[in-house]
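Novice: 3D model of this:
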Amino acid sequence: MEKEQLKQQLKEQIIQFLNLTNLTPNDIKDDEPLFGEGLGLDSIDSIELIVLLSREYGITIEDPKEGRKILVDINTMTDYIIGHRTK
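Specialist: Next comes the predicted model:
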């Protein structure tokens with residue numbers, strides 16, 4: 001899958017998994033922080049994103065510090081998926 005396609009798919013999955021019905025994939029910028037000032041996700045959302053990575057891409061994140069490095073923005077998540085996916 002091409003990187004841009006993966007970014008689009010990831011945005012759609014985030015909206016679906018986190019039930020962000022007021023957003024479209026175009027509302028999420030590739031370099032926008034997912035937490036805090038950016039998209040405004042919280043710690044519960046981070047757990048859901050970890051489940052998404054596991055379920056959809058076969059990526060297991062056990063160390064919370066590793067998760068914080070991965071769940072920064074769409075670009076960072078996409079690069080990690082490309083390098084680590086098993087599905």
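Novice: nearest residue to residue 28 other than its sequence neighbours?
Specialist: Among residues not flanking residue 28 along the chain, residue 11 sits closest, at 4.8 Å (CB to CB, 6 or more residues apart in numbering). C-betas here are computed from N, CA, C, even on glycine.
Novice: which residues in the chain form strands?
Specialist: Assigned strands in the chain: none (criterion: DSSP state E).
Novice: by mean pLDDT, flag the weakest helix or strand of the chain.
Specialist: Lowest by mean pLDDT, DSSP states H and E among the helices and strands of the chain is helix 64-70, with a mean of 88.
Novice: enumerate every residue touching the nearest residue to residue 33 once chain neighbours are set aside.
Specialist: Leaving aside its sequence neighbours, residue 33 sits nearest to residue 73 (CB to CB, 6+ apart; 5.8 Å). Listed by CB atoms under 8 Å, 6 or more residues apart in numbering, the contact partners of residue 73 are 29-34, 38.
Novice: try residue 17
Specialist: With CB under 8 Å, 6+ apart, residue 17 has these contacts: 48-49, 51-52.
Novice: same question, residue 74
Specialist: Neighbour list for residue 74: 7, 10-11, 28-32, 34 [criterion: CB under 8 Å, 6+ apart].
Novice: so which residue of this protein lies furthest out from the middle?
Specialist: Outermost residue of the chain with respect to the C-alpha centroid, by CA atoms, centre = their mean, is residue 22; its distance is 17.2 Å.
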